[in-house]
Structure formats: C-alpha cells, structure tokens
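**Q** Just to be clear, the model below is a prediction. Sequence and coordinates:
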Number of protein chains: 2
Amino acid sequence: MDTTQRTDQQRSADRRRRELLEAADRVVLRDGPGASMNAIAAEAGITKPILYRHFGDKGGLYAALAKRHTDALLDSLRAALDAPADRRERVEATLDTYLSAIEARPQVYRFLMHPAEGAPSEQGFDVGKHSAPLLRRMGEELAQVIEERLDLGPGSQQLARVWGHGIVGMMHAAGDWWLGERPCSREELVRSLADLLWGRLAAAGDKVGSPGF
Amino acid sequence: MDTTQRTDQQRSADRRRRELLEAADRVVLRDGPGASMNAIAAEAGITKPILYRHFGDKGGLYAALAKRHTDALLDSLRAALDAPADRRERVEATLDTYLSAIEARPQVYRFLMHPAEGAPSEQGFDVGKHSAPLLRRMGEELAQVIEERLDLGPGSQQLARVWGHGIVGMMHAAGDWWLGERPCSREELVRSLADLLWGRLAAAGDKVGSPGF
DNA sequence: CGTGCGTGTTACTTCCGGTAACACCGAGTC
DNA sequence: GACTCGGTGTTACCGGAAGTAACACGCACG
C-alpha cells in the first residue's frame, strides 16, 4: 500500500543521500580519512545533524562510502577473475586490475583500507571484526572462485578460503609497499607476484655462498 | 664531558620511560588502541603533561610502544627464519611463530596493525607512509633473508623485496582472518599457506564440472 | 642563601562526534 | 482559510579527547 506513495519521498531521499555521499567523497579524497563531519557537511552545503539523520553516525557514513568504492572495485576484479583465459593469465589480470585501481586513486584506496577507528566507547573490541572489510570481502570472493574452479581434493573449501585471504593479503601488502616506493613498473610487480604464486620460491636454488650450516 | 654526568639522569629518565611504557602497555592491552592519554597517565600514577614531556605526542608514545613489541616479534621471527633446517621447514616455522604470537596476544597484534590514525591536521597524506610499520619492517626483513639465501637470477633484489612484502602480507591477512573466524587449527593453516607458497595453486587441476569456456 | 632544573600538578583551550530543541515549508484535511 | 504533520534545515549545546600554559615543590650546587 505504501510502495506507490513511497516512491516519491524515497526517490528524493535517495537522491539526497547520493549527493551527500558524493560531497563526502570529495572531502575524504581531499582531506583523507580524518575528514570531520563538519567539513563534509560544509562541502555538501548543509550542517551536521542532517548527515546524522541520513547515516546515523560517522561509521555509517564511512561504511556507505566504502561500500560504493568496494563494490566498484569488486566488480572489476570479478571481471578479471572470470575472463576466459588460462589460469596464469587470469591471475595476472586480476593482480593488474587491483594494482591499477590503487595506482589510479590512492586516496580512495587508503580510505578503504583504514575506514573506521577513532570511535570512542569502542566496546567489545573483537579482534578482526573491522580491520578492513574490503580485504575480507575480496578474500571471500577469491576463495569462492578458487573453490569453484580448482580441484583441490579433500578439504578444498577450507583450503580455498585460506588461499583466498592469503592471496588477497599478498596482493594488498605488495601493492601498498609498491605504491609507497615505486621500485618497479606495475608489469614487473605483477610478474613477480605471479611467479611467487607459481612456486618459484620453492623451486629456486640455494645461493652458492649461502651460510653453510 | 657530559657523558659521565649524564649517566645518572639518563638512567633515571630511561627507567621512568620504561615504567611509563609498561603502564601504557597495560592500558592499551586492556582498552584497545583507543585508550586515552588520561587513562594511560592515571595507570602510571601521574598526569598527562608528563607523558607529553616524555613522548612528545600520542603518536610518539604509540610509536615507542609499537617498537617494543615489533622488536620482540621480529626477534622471534628471525630465529625461526635462521634455523638450520630445510626451506620448507623454515617457512613453516616462521609462519607458525607469527601465528602463535598473534594468537597468544591478539590485543597487542591489533594495536600494532592499526597504531596511528586520528591525528588532526594530518598533512601531506602520503599514501603508504604509515599504514603498518610492523608489516613494512617484516617485509624488508624477509626480503633480506630471501635475497641472502636464494639464488633468484637477475633482478634478484627486486624480486626478493616483492616476495618479502607479498609473503608477509599473505601471512598477515590469512592470520587476521583466521584469528577472527578460527576455521581450522593453526597447524592446518600453516600447512595450507606453505602449500600455497609451494606452488600448489599452479599445480592444481581444473575442477571437472567447472564452467567450460 | 638562592638559583637553576627536573618532576609534578591544576586549569585551560580547541576541536570533534553527537544530540536536543527549535524554525521553516509544502501538502493534505476540515 | 486555518490547522496539523512530516520532512528538511538550523543554532546551540554536551562530553570527551589531545595538547598546552603556568604555576609549585624538591634537590643539588655555587
């Protein structure tokens, strides 16, 4: 009964919400994740309480903001992951997609990786609950693809999840470091990481002059 | 000329500093990284300005605190990394050392991974500068060991650094996820990760019913 | 005796997240 | 046309945290 009536208000509320999110986006991209609610409200041309009415609290706003970017990135990754190519190519394409994304918009990336924090009266403090939702989602997503596509024998589901989170973490940490120091080209980085996943660590020989026990 | 005079004051100042750090440690371990300077001062039986005289600002205190734990963890890891065993065993021992550490003291671990944040007037916002100093140090350390021990052919130094940071990231992300969900035993996790590094991802067969492109 | 100097305190400023209370405005109703 | 009502907006405040004076005690050294 209210579905038809709702549309009008709902649509306008949704549009407002999107405008607010875009303003918040601009501010966060400019000032970093420490951007204040006042600043965001000012950018949107309004005042704080409105933000709170729309998003509850700062965490809510940041979560909404993060969801937008996270969804976008995950879509790109899914595309690379599902491409009709052989495994190595798909892995490299996925790595490259992720690295391209963080290279193109490092501020977004920084924000996504360290969203929450700072809330006073932080209760239970369950380890691992927040951290980085994006990493978790990427890990789960990758785990699913691995489990669907690869024959890993018994315990495959568990193994796939470990690998999913592990590979995502590898990608993330290497990307973070690379972005800070730019020690090599993106292509080289992708190749090096793929080599690592392809077992080159195990296959490498000992160094000749290595400390001989 | 002042070296002899200094010893006395210096020693007492150092002892005081250590006491303060220990108090801070207790509070942070109890209340999480959001612990206030007031709370830390109270735990130490003093008041805020003293903390500021010793550590400059909250970041300084947290950095000092982080350094203690980071150094300790890195020592353990170095021991595992340098053990006289074959490569696979060393890798497993290192993974296990890290995972044991975060399992034994999750609060410390949480603190180390998300130390800073929250400072207003955060200038330049260089991506990747802060993030997690511990991860960076671990990555560099591992890179060094890899480069020392393995024969990786041309470009070995670059490759070692990529791998160092990548492997550390893998360990971290998998550990973080594991700590939150506890989906398997530590031994299984270690084995799964070592398998990943040993190329099982590349070696696995396609699943029979997999979507055939 | 007094003059530094290290150690400590109280009391303050500033800023931020979050909230309460009030003000305006357009639509539907009698 | 007056009246209410929901949505949008505001100002003004609270509580708490970081960080900073400014002042006070104690102790060695001339």
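**A** That came in fine, so what should we check first?
**Q** Which strand or helix spans the most centrally placed residue in chain A?
**A** Geometric centre of chain A, nearest residue: residue A:134, 3.6 Å, by Cα atoms, centre = their mean. Element membership for residue A:134, per DSSP states H and E: helix A:133-149.
**Q** If you average the pLDDT over that helix, what comes out?
**A** The pLDDT scores in helix A:133-149 average 92.
**Q** List the neighbours of it that are in contact with it.
**A** A:63, A:66, A:70, A:73-74, A:77-78, A:81-82, A:112-113, A:115, A:152, A:156-157, A:160-161, A:163-165, A:167-169, A:172, B:173, B:176-177, B:201, B:206-207, B:210-211 (Cβ atoms under 8 Å, 6 or more residues apart in numbering or on different chains). C-betas here are computed from N, CA, C, even on glycine.
**Q** quick check: domain ranges of chain A?
**A** A:11-56, A:66-117+A:130-200 (automatic domain parsing).
**Q** Which among the ones you listed is found nearest to residue B:56?
**A** Smallest distance to residue B:56 across the domains of chain A (Cβ to Cβ): 19.1 Å, for domain A:11-56.
**Q** Is the host helix or strand of residue A:100 in proximity to chain B?
**A** Assigned by DSSP H and E, residue A:100 falls within helix A:87-104. Yes. Helix A:87-104 lies within reach of chain B by Cβ under 8 Å from any Cβ of the partner chain, at A:87-88.
**Q** Is whatever helix or strand comes next after that helix positioned near chain B?
**A** Counting by DSSP H and E, the next helix or strand C-terminal to helix A:87-104 is helix A:106-113. Yes. With Cβ under 8 Å from any Cβ as the criterion, chain B is reached by helix A:106-113 at A:106-107, A:109-110, A:113.
**Q** Show me how to select, in ChimeraX, the buried members of those residues.
**A** Provided next is the ChimeraX selection string for whichever of those are buried by 16 or more other Cβ atoms under 10 Å in any protein chain shown:
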select /A:106,107,109,110,113
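**Q** Including pLDDT and distance to residue A:89, could the residues of helix A:106-113 next to chain B go into TSV?
**A** Shown next, in TSV, are the residues of helix A:106-113 next to chain B (pLDDT from 0 to 100; distance: Cβ to Cβ, whole Å):
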residue	pLDDT	distance to residue A:89
A:106	88	26
A:107	84	30
A:109	86	24
A:110	83	29
A:113	81	27
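**Q** Strands of chain A, start to end?
**A** Per DSSP state E, chain A carries strands over the ranges A:150-151, A:205-206.
**Q** Tell me the helices and strands packed up against the last one.
**A** In this structure, strand A:205-206 makes packing contacts with strand B:150-151, judged by 3 or more Cβ pairs under 8 Å, 6 or more residues apart in numbering or on different chains; DSSP states H and E.
**Q** who does the strand it packs on pair up with?
**A** strand A:205-206 (antiparallel) (DSSP bridges).
**Q** Give me the residues contacting the strand it pairs with.
**A** B:149-151.
**Q** Any of the contacts of helix A:133-149 buried? List them.
**A** The neighbour-count test (16+ other Cβ under 10 Å) marks A:63, A:66, A:70, A:73, A:77, A:81, A:112-113, A:115, A:152, A:160-161, A:163-165, A:167-169, A:172, B:173, B:176-177, B:201 as buried among the contacts of helix A:133-149.
**Q** Report how many residues lie close to residue A:203.
**A** Residues within reach of residue A:203, counting by other Cβ atoms under 10 Å in any protein chain shown, total 11.
**Q** Test my guess that it contacts residue B:199.
**A** Yes. In this structure residue A:203 lies within contact range of residue B:199 using Cβ atoms under 8 Å: 7.3 Å.
**Q** Mean pLDDT per helix and strand in chain A: which one sits at the bottom?
**A** helix A:2-31 (a mean of 77; mean pLDDT, DSSP states H and E).
**Q** And the pLDDT for residue A:34?
**A** 84.
**Q** ok so, going back, how about the strands of chain A, which one is nearest DNA strand D?
**A** Each of the strands of chain A has some distance to DNA strand D by Cβ to the nearest atom of the strand; the shortest is strand A:150-151, at 47.3 Å.
**Q** For that closest one, which outside residues touch it?
**A** By Cβ under 8 Å, 6+ apart, strand A:150-151 touches A:156, A:160, B:201, B:204-208.
**Q** how about the nearest residue to residue A:164, chain neighbours excluded?
**A** residue A:143 (2.9 Å; Cβ to Cβ, 6 or more residues apart in numbering or on different chains).
**Q** Same question for residue A:46.
**A** residue A:20 (7.9 Å).
**Q** Now do the contacts for the one you found.
**A** Counting by Cβ under 8 Å, 6+ apart, residue A:20 has contacts A:40, A:44, A:46, A:50-51, A:54-55.
**Q** again, only this time at 7 Å
**A** A:44, A:51, A:54 (Cβ atoms under 7 Å, 6 or more residues apart in numbering or on different chains).
**Q** Close to DNA strand D: what parts of chain A are there?
**A** Contact residues (Cβ under 7 Å from any atom of the strand) of chain A with DNA strand D: A:9, A:12-13, A:16, A:41, A:45-50, A:53, A:120.
**Q** who wins for neighbours among those residues?
**A** Going by other Cβ under 10 Å, residue A:41 tops the residues of chain A next to DNA strand D with 20 neighbours.
**Q** what pLDDT does that one get?
**A** 95.
**Q** Roughly how far does it sit from residue A:64?
**A** Using Cβ to Cβ, to the nearest Å, residue A:41 is found at 15 Å from residue A:64.
**Q** distance of the closest residue to residue A:167 other than its chain neighbours from residue B:99?
**A** With sequence-adjacent residues excluded and distances taken as Cβ to Cβ, 6+ apart, residue A:167 is closest to residue A:142, at 6.1 Å. Using Cβ to Cβ, one gets 20 Å for the distance from residue A:142 to residue B:99.
**Q** Counting neighbours, what do you get for the nearest residue to residue A:158 once chain neighbours are set aside?
**A** Of all residues not flanking residue A:158 in the chain, residue B:184 sits nearest, at 5.6 Å (Cβ to Cβ, 6+ apart). Residue B:184 has 16 neighbours, counted by other Cβ under 10 Å.
**Q** One more: residue A:138?
**A** 25.
**Q** and the closest residue to residue A:157 other than its chain neighbours, how many neighbours?
**A** The shortest distance from residue A:157 to any non-neighbouring residue, by Cβ to Cβ, 6+ apart, is to residue A:147 (5.6 Å). Residues near residue A:147, counting by other Cβ under 10 Å, number 18.
**Q** Contact residues of chain A facing DNA strand C?
**A** A:35-38, A:48-49, A:52, A:57-59, A:118-119.
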